[in-house]
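Undergrad: Based on what follows, work out the 3D shape:
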Amino acid sequence: MAFTPRKAGILISGGNPWEILFCILHLEKQGFLRCPISIPGSGPANILSQAESELARMTVVPLLEVKATGIDILIIPGGRRLLDTMSNFNEVGNAFKVNEDLKNLLKGIYRLNKPIGAFGSASIMVAKSLQGITRSGLVVTVGSDPKLQSAVAATGAQAVVTRPGEVILDQTNKIVTTGGELGTKRPSEVFDSCGNMISALSELIKV
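TA: Next up is the predicted model:
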């Protein structure tokens, strides 16, 4: 029987460049096909989209065109800019709303029992998007950021404090989270957290 490569969707709009690049490297090492996902026009004069294309090194797919049935896992790198790109968290705090297209994709992935990985600030978007539909209480990490921990708690999920490089595996809900660059200024530790993330997601596909 021919082996079918697994396909990983990775959101690159607003994400931390270290986390995006290191995830792409680890995905390549583990034999994943990758599907870079972006929001058209999310930067001035297409500067951002051009930078994203350079980082992804392949065609970037608009978020609206991504189907939950077309990917095996979804990865959302974090970063401070992500909160402005994909939500209104910085404006309204815990009453924030997630970009509707991202929210719908997350729900679709979850309902198909496919794994989701999130870094730092992305974890609050996962918790918000899946609020009320998880199989059990969601457990995630945002590193040790108290503001983001409060946002997680406001959704009814549990935020666990982690050290740099650590990941939290919520096996029941098939969610893997890590603080990523929020928890460290050392690229090597971000690299490790990305590797641990991809390994955990890969194992969840087999479950």
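Undergrad: next helix or strand past the worst-scoring helix or strand of the chain on mean pLDDT?
TA: One helix or strand of the chain scores below all others by mean pLDDT, DSSP states H and E: helix 47-56, with a mean of 56. As assigned by DSSP states H and E, the chain's next helix or strand after helix 47-56 is strand 61-62.
Undergrad: Spatially central, which residue of the chain would that be?
TA: residue 76 (1.7 Å; C-alpha atoms, centre = their mean).
Undergrad: Grab the nearest non-local neighbour of that one.
TA: residue 122 (3.9 Å; C-beta to C-beta, 6 or more residues apart in numbering). Quick note: C-beta positions are derived from backbone N, CA and C, even for glycine.
Undergrad: wait, the one you found sits on residue 74?
TA: No: applying C-beta atoms under 8 Å, one finds residue 122 not in contact with residue 74, separated by 10.3 Å.
Undergrad: okay, those two: which has more neighbours?
TA: residue 122 (32 against 26; other C-beta atoms under 10 Å).
Undergrad: Please report how far that one lies from residue 31.
TA: From residue 122 across to residue 31, the span is 24 Å (C-beta to C-beta, to the nearest Å).
Undergrad: From the chain's centre, how far out is whichever helix in the chain runs longest? Work that out for me.
TA: Assignment by DSSP state H gives helix 187-206 as the longest helix of the chain. Its chain's C-alpha centre lies 12 Å from the corresponding centre of helix 187-206 when counted by C-alpha atoms, centre = their mean, to the nearest Å.
Undergrad: Please spell out the segments of the protein that come in under the pLDDT threshold.
TA: Low-confidence segments of the chain (pLDDT under 70): 1-3, 40-58, 207.
Undergrad: can you map out the strands along it?
TA: 7-11, 33-38, 61-62, 73-76, 116-119, 139-140, 158-159, 167-170, 175-178 (DSSP state E).
Undergrad: mind putting the ones you listed in TSV, distance to residue 24 included?
TA: As requested, the strands of the chain are exported to TSV (distance: least, C-beta to C-beta, whole Å):
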stretch	distance to residue 24
strand 7-11	7
strand 33-38	6
strand 61-62	14
strand 73-76	10
strand 116-119	13
strand 139-140	23
strand 158-159	27
strand 167-170	18
strand 175-178	16
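Undergrad: Which of the ones you listed sits closest to residue 19?
TA: Nearest of those to residue 19, taken as C-beta to C-beta: strand 116-119 at 5.1 Å.
Undergrad: Please name every helix or strand in contact with the closest one.
TA: Packing partners of strand 116-119 (3 or more C-beta pairs under 8 Å, 6 or more residues apart in numbering; DSSP states H and E): strand 73-76, helix 100-111, helix 122-129, strand 175-178, helix 187-206.
Undergrad: ranking these by burial, who's on top?
TA: Most buried of the helices and strands packed on strand 116-119 by mean neighbour count (mean count of other C-beta atoms under 10 Å) is strand 175-178; its value is a mean of 31.
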